[in-house]
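Trainee: sequence below, structure please.
(one chain, ligands or ions: 2)
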Amino acid sequence: MDPRQFLAEQFADHEKTVAATKTMVADAFAQLADACTVALKSGNKIIFFGNGGSAADAQHLAAELVVRYRLNGRALAALALTTDTSILTACSNDFSYDDIFARQIEALLRPGDVVIGISTSGNSPNVLKALEAARDRGGVATGLSGRDGGKMTGLCDPLIVIPSNVTARIQEMHILIGHALCDVLEQRLRA
Ligand SMILES: O=C(CO)[C@@H](O)[C@H](O)[C@H](O)[C@H](O)COP(=O)(O)O
Ligand SMILES: [Zn+2]
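Mentor: Ligands and ions are numbered 1, 2, ... in the order given. I've put the predicted structure just below:
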């Protein structure tokens, strides 16, 4: 396998996914940006969570809002549920891995908070449980997914579904959309 050829194929696949995604997700993205704007203006917060690469996305995006993305200005209230190893290990050990995000939602969510579950399959049980817990407690359950949306369909409003079956391509679109979300929120609330 020639790495140059392989990389060219990866770029081609990425570009194909970008082209398919940008026409499909615009309305859901606008809805998500509006929901986050309302929450932040009302003194609520945005809560991100996901597994593996999506855990990295969750904490990456929370950091953009709490600290800065492109603009200096006020801190925006955001939290990733993927970072406290004591909570994550105690909850996995004593309860179940499926509860690691839902338990934190029970502790930390206030009505009006926006939660953003990130799952490329849309089927990770811990993400689904947290979305249900958020919805039950008056949170705004939203998500970033891929494939056919999985079980996140029907739990999230809006749900941004990336039209791809390749986990890496879906994640690449998630972080692009996440960055765009931070940019819109900065322009609305930090400028
Ligand atoms: O980053 C990657 C693959 O690119 C992996 O770590 C991936 O995030 C993990 O397999 C996750 O557990 C997948 O979960 P999900 O996206 O289906 O919810
Ligand atoms: Zn990855």
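Trainee: strand partners of the longest strand anywhere in the chain, parallel vs antiparallel please.
Mentor: Identified as the longest strand of the chain according to DSSP state E is strand 140-146. Note on strand 140-146: by DSSP bridges, its sheet partners are strand 114-118 (parallel), strand 159-162 (parallel).
Trainee: winner for burial among these?
Mentor: Per-stretch averages of neighbours, counted by mean count of other Cβ atoms under 10 Å, single out strand 114-118 among the strands paired with strand 140-146, with a mean of 29. All C-beta spots, glycine's among them, are computed from the backbone N, C-alpha and C.
Trainee: please identify which of the strands paired with strand 140-146 is closest to residue 15.
Mentor: Closest approach to residue 15 among those (Cβ to Cβ): strand 159-162, 14.0 Å.
Trainee: do that closest one and ligand 1 meet?
Mentor: No - judged by Cβ under 6 Å from any ligand atom, strand 159-162 and ligand 1 are separated, with a smallest distance of 10.9 Å.
Trainee: ok, then the element right after that strand?
Mentor: Reading on from strand 159-162 to the C-terminus, the next helix or strand found by DSSP states H and E is helix 167-189.
Trainee: now do that next one: which elements does it pack against?
Mentor: helix 3-24, helix 26-41, helix 53-66, strand 140-146, strand 159-162 (3 or more Cβ pairs under 8 Å, 6 or more residues apart in numbering; DSSP states H and E).
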